[in-house]
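Peer 1: sequence unknown, structure follows:
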């Protein structure tokens, strides 16, 4: 899944509203106290929405897109809270699938951790059911989540037997990451009561954001110091690793020194740069208001490099 | 790979041509993407869109300017 860099909401009140919504929905869920504590512990893992320093990395684009599309950020709080909960669940599942150990797993073990992630998925729906934009929001989110799971399935499948191509690698990235952030930005526009065509444009914008962030993450996993990243050891079909594997299977290029600062990283950077430029070009079609345009621009990772 | 029922966003990226151009930049130090290159022979960039050309040009400038730290700054921002 996408690993978005830590970010914070521009207004503490917005972050506080998302946190309050998550707490409220968690408190109203019909579960036993012990299970509620376990759900809360997952949501309080470092950086997550109920942690001491929540980065609200998923709520941020939703609320920004909502206001840019002409809405009030308060209209998107329920959806932003639902997405924050969903992404905690997907992150936990990602860790379990990759066999990565984390604090919750150590405390609860694999079985109960999986049960907590299941509960978080339903808590997401619980959140949406109690929002004013359900079922439209649920439809958008579930569709994107299914697409992400589909991409994850391919990502987790043995490399042998898969058709190795750059196009397929990029399709997996689109499913895993592009589709999710596309949904988030589309949801922001939905909460602003934007017309369908504008919602679709926001989905395009989010798609570019998701692709850029995932490709950046794939590049980061190539760095010699990226010992915590498992892409290489698990043989994930990311774009750079697929590029490297394609070359190896066709005789390779002996003059490529390695994965970092060579063809795989440069190709991936270039593709991310294409998406960056597409995202920037789309902004004037999303809003005519200069402050909103600036805020949308700030959502694009590494956009400052375009000007240099 | 099954390609149905997936929403497509924006023009599709011409990965093959971009990969050839990136290789020409790295291996040949290419400055003209449409020229014939030692490693790849002729590369046709005629099908590339504006943003693809812009991205390749940005990469070319960074490689030619020996801006070797540009990937590191990306990593630092991502971790």
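Peer 2: Arrived safely. Predicted model only: the values in this text are computed from it and were never measured.

Peer 1: how about residue A:140: what's its closest non-neighbour residue?
Peer 2: For residue A:140, ignoring the flanking residues on the chain, the nearest one in space by CB to CB, 6 or more residues apart in numbering or on different chains is residue A:183 at 5.1 Å. Any C-beta I mention is one placed from the backbone N, CA and C, and that applies to glycine too.

Peer 1: ok, now which ones touch that neighbour?
Peer 2: A:140, A:141, A:143, A:144, A:145, A:203, A:206 (CB atoms under 8 Å, 6 or more residues apart in numbering or on different chains).

Peer 1: which helix or which strand is home to the fourth one?
Peer 2: Going back to what we said before, that points to residue A:144. If you go by DSSP states H and E, residue A:144 is part of helix A:136-156.

Peer 1: you'd agree residue A:17 is up against residue A:74?
Peer 2: Yes: between residue A:17 and residue A:74 there is a contact at 6.8 Å, judged by CB atoms under 8 Å.

Peer 1: sec struct for the nearest residue to residue A:82 once chain neighbours are set aside, please.
Peer 2: Residue nearest to residue A:82 in three dimensions, not counting chain neighbours: residue A:127, with 3.7 Å by CB to CB, 6+ apart. What DSSP: H, G, I helix; E, B strand; the rest coil gives for residue A:127 is helix.

Peer 1: now do the one 5 residues further on
Peer 2: Secondary structure state of residue A:132, per three-state DSSP, is coil.

Peer 1: for it, what are phi and psi?
Peer 2: phi -80, psi -10 (degrees, to the nearest 10).

Peer 1: please apply the same query to residue A:22.
Peer 2: Per degrees, to the nearest 10, the backbone of residue A:22 is at phi -60, psi -40.

Peer 1: for it, the count of nearby residues, please.
Peer 2: 26 (other CB atoms under 10 Å in any protein chain shown).

Peer 1: wait, it sits on residue A:42?
Peer 2: No: checked against CB under 8 Å, the pair residue A:22 and residue A:42 is beyond contact range at 11.3 Å.

Peer 1: out of the contacts of residue A:183, which is nearest to chain B?
Peer 2: residue A:203 (7.2 Å; CB to the nearest CB).

Peer 1: low-confidence bits of the stretch 101-250 of chain A, can you list those?
Peer 2: A:159-163, A:227-229, A:248-250 (pLDDT under 70).

Peer 1: 80 instead, please
Peer 2: A:157-164, A:224-236, A:247-250 (pLDDT under 80).

Peer 1: what about residue A:72, distance to chain B?
Peer 2: 27 Å (CB to the nearest CB, to the nearest Å).

Peer 1: what is the burial count for the nearest residue to that residue once chain neighbours are set aside?
Peer 2: Nearest non-adjacent residue to residue A:72, counting by CB to CB, 6+ apart: residue A:66, 7.5 Å away. When neighbours are defined as other CB under 10 Å, residue A:66 has 28 of them.

Peer 1: doesn't residue A:78 make contact with residue A:66?
Peer 2: No: using CB under 8 Å, residue A:66 is not in contact with residue A:78; the gap is 11.3 Å.

Peer 1: for residue B:41, phi and psi?
Peer 2: Dihedral angles for residue B:41 - degrees, to the nearest 10 - are phi 70, psi -160.

Peer 1: which ones are touching it?
Peer 2: Contacts of residue B:41 by CB under 8 Å, 6+ apart: none found.

Peer 1: that one pairs with what?
Peer 2: Using DSSP bridges, the beta-bridge partners of residue B:41 come out as residue B:37.

Peer 1: tell me how far it lies from residue B:24.
Peer 2: 10 Å (CB to CB, to the nearest Å).

Peer 1: before we move on, what about residue A:59?
Peer 2: 43 Å.

Peer 1: with residue A:156 instead?
Peer 2: 35 Å.

Peer 1: likewise for residue A:300?
Peer 2: 28 Å.

Peer 1: kindly report the same for residue B:34.
Peer 2: Distance from residue B:34 to residue B:24, by CB to CB: 10 Å.

Peer 1: give me the more crowded residue out of the two.
Peer 2: Per other CB under 10 Å, whichever of residue B:34 and residue B:24 has more neighbours is residue B:24, with 24 against 13.

Peer 1: look up phi and psi at the more buried one.
Peer 2: Per degrees, to the nearest 10, the backbone of residue B:24 is at phi -60, psi -40.

Peer 1: contacts only, for it.
Peer 2: Residue B:24 is in contact with B:30, B:33, B:37, B:39, B:40, B:43, counting by CB under 8 Å, 6+ apart.

Peer 1: quick check: residue A:241 touching residue A:234?
Peer 2: No: Residue A:241 is beyond contact range of residue A:234, at 9.8 Å (criterion: CB under 8 Å).

Peer 1: near residue A:111, how many other residues are there?
Peer 2: 8.

Peer 1: right, and residue A:289 touches residue A:69 too?
Peer 2: No: contact criterion CB under 8 Å: residue A:289 and residue A:69 do not qualify, at 10.1 Å.

Peer 1: neighbour count winner among these two?
Peer 2: residue A:69 (26 against 13).

Peer 1: what does the closest residue in space to that one that isn't next to it in sequence show for phi and psi?
Peer 2: Nearest non-adjacent residue to residue A:69, counting by CB to CB, 6+ apart: residue A:192, 3.8 Å away. The phi and psi values for residue A:192, taken as degrees, to the nearest 10, are phi -90, psi 0.

Peer 1: for the helix ranked longest in chain B, packing partners?
Peer 2: Secondary structure of chain B per DSSP state H: the longest helix is helix B:50-64. If contacts are counted by 3 or more CB pairs under 8 Å, 6 or more residues apart in numbering or on different chains; DSSP states H and E, helix B:50-64 sits against helix A:263-286, helix A:304-307, helix B:15-23.

Peer 1: can you tell me the SS state at the residue nearest to residue B:46 when sequence neighbours are not counted?
Peer 2: Sequence neighbours aside, residue B:34 is the residue nearest to residue B:46 in space, at 7.8 Å (criterion: CB to CB, 6+ apart). Look at residue B:34: counting by three-state DSSP, its state is coil.
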